[in-house]
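Enquirer: below is the sequence, then the predicted model.
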Amino acid sequence: MNKVGLLCCFLGNKRPPQYLRLFIDSCRYNNDIDFHLFTEWDYTEYEIPNNIKPHKFSHAEFNRLASAKCNIEINILHGYKLCDLKPAWPHIFEDYIKDYTYVGWFDIDLIFGRINNFFYNFINHNSDLYFSITKEYSSGALTIIKNTPTMRLLYQQAKG
């Protein structure tokens, strides 16, 4: 069975955004996909479905893990700069996603339809980049890749 695990790292805001309930409900309809959330949020007021995997994480923990995995000094001070490292997230968080066939990243402000209605049409094309919102480049809003060392390390080939 093809398992999909998606990543989102949202730091710098101790309180969840007001639209989090909508996001959670949209995940509930994608119960065959796991959503890993690395945040400082308190989820006690929400009914979290089993496919949302909350991970309590701080800036310091992210910087330490990212620096170790990427083998360079990373010191993200503001949450909005985390998006610069999205393509590296599958490498940075690889210990959390090792059991998935497909992995990727997403933005927390998305309201998902049934992702598999679109995604599984791409699997038979036998490629490593399976899904992105745009055709021209890998979108930060939602990208799904095959969980292979080559794809997890692809960010290292980016210029700059």
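Expert: Thanks, I have it. Numbers count the residues shown, from 1 in each chain.

Enquirer: C-alpha from now on. contacts and neighbour counts both.
Expert: OK.

Enquirer: now do the SS call for residue 75.
Expert: Following DSSP: H, G, I helix; E, B strand; the rest coil, residue 75 is assigned to coil.

Enquirer: same question, residue 82
Expert: Looking at residue 82 with three-state DSSP, the answer is helix.

Enquirer: which ones are touching the spatially closest residue to residue 78 that is not a sequence neighbour?
Expert: Setting aside the residues directly before and after it, residue 78 is nearest to residue 12 in space (CA to CA, 6 or more residues apart in numbering), at 6.2 Å. Shown in contact with residue 12 (CA atoms under 8 Å, 6 or more residues apart in numbering): 40, 59, 78, 79.

Enquirer: helix, strand or coil: sort out residue 12 for me.
Expert: Residue 12 - assigned by three-state DSSP - is coil.

Enquirer: now do the one 4 residues further on
Expert: Look at residue 16: counting by three-state DSSP, its state is coil.

Enquirer: didn't it look like it was pressed against residue 45?
Expert: No. Contact criterion CA atoms under 8 Å: residue 16 and residue 45 do not qualify, at 10.7 Å.

Enquirer: more neighbours: which of the two?
Expert: residue 16 (16 against 6; other CA atoms under 10 Å).
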